[in-house]
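Asks: Fold the stuff below for me.
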Amino acid sequence: MKPVVSIIMGSISDKDVMSKAFEILDDFNISYEKKVMSAHRAPEEVANFSKSAINDGVKVIIAGAGGAAHLPGVIASMTVLPVIGVPILGKSTAGVDSLLSIVQMPSGIPVATVAINGSANAALLSIEMLALSDNSLQKKLLEYREKIKKISLESNKEL
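Replies: The predicted structure is shown next:
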């Protein structure tokens, strides 16, 4: 099955943070691929991926990056697919540098941005985008929301 979501990491060290996106997409049976590509260390590969993703059947790209966090913006500059940036927690500035790098994209080249280390929400946002044209996926999302609502309400028992 061709991947409809691409998860791109700037470094293998981002894998643990991005694994939450893998879990969510697995739970929803969404086909995805995962790759490590650095906008700084492998710009040609990032460009080739970005320009060909739409023709390869990809519908949404999730890009996690730390530090200067150029990866989501670079990808977005070379595709019309929606790109969701995941700022990765850094040691020196607690991920704020990554957050600001991603959220402050110049007008005209948008990148959706989730919380620092928010790959689970990036996956859910990508599923919401895919569900715009998939009623069965919309149903799964509604069931997921009911499930997390129930878990939240049941936590009152711990008080």
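Asks: So what's the gap between stretch 15-27 and the chain middle?
Replies: Computed by CA atoms, centre = their mean, to the nearest Å, the separation of stretch 15-27 from the middle of its chain amounts to 9 Å.
Asks: where does Ile7 land in three-state SS?
Replies: Three-state assignment for Ile7 (DSSP: H, G, I helix; E, B strand; the rest coil): strand.
Asks: Now do the same contact list for it.
Replies: Under the criterion of CB atoms under 8 Å, 6 or more residues apart in numbering, the contact partners of Ile7 comprise 18, 21-22, 25, 32-35, 61-64, 119. (Each C-beta comes from the backbone N, C-alpha and C, glycine too.)
Asks: among those, who's most crowded?
Replies: Ala63 (31 neighbours; other CB atoms under 10 Å).
Asks: which residue packs closest to that residue, ignoring adjacent ones?
Replies: Pro72 (4.0 Å; CB to CB, 6 or more residues apart in numbering).
Asks: Buried residues of stretch 124-142, list them for me.
Replies: 124-127, 129-131, 137, 140-141 (16 or more other CB atoms under 10 Å).
Asks: Off-centre distance for it?
Replies: 15 Å.
Asks: Report the mean per-residue pLDDT for it.
Replies: The pLDDT scores in stretch 124-142 average 98.
Asks: Of the contacts of Ile7, which belong to strands?
Replies: Mapping those onto strands (DSSP state E) picks out 32-35, 61-64.
Asks: and the residue nearest to the spatial centre of the chain, bridged to which residues?
Replies: Nearest to the geometric centre of the chain sits Ile62, at 2.8 Å (CA atoms, centre = their mean). Residues in a beta bridge with Ile62, per DSSP bridges, are Ile7, Ile84.
Asks: what's it in contact with, if anything?
Replies: Per CB under 8 Å, 6+ apart, neighbours of Ile62: 5-8, 18, 21, 83-84, 86, 119, 122-123, 126.
Asks: let's see 6 Å
Replies: 7, 21, 84, 122 (CB atoms under 6 Å, 6 or more residues apart in numbering).
Asks: in the chain, which helix has the most residues?
Replies: helix 135-154 (DSSP state H).
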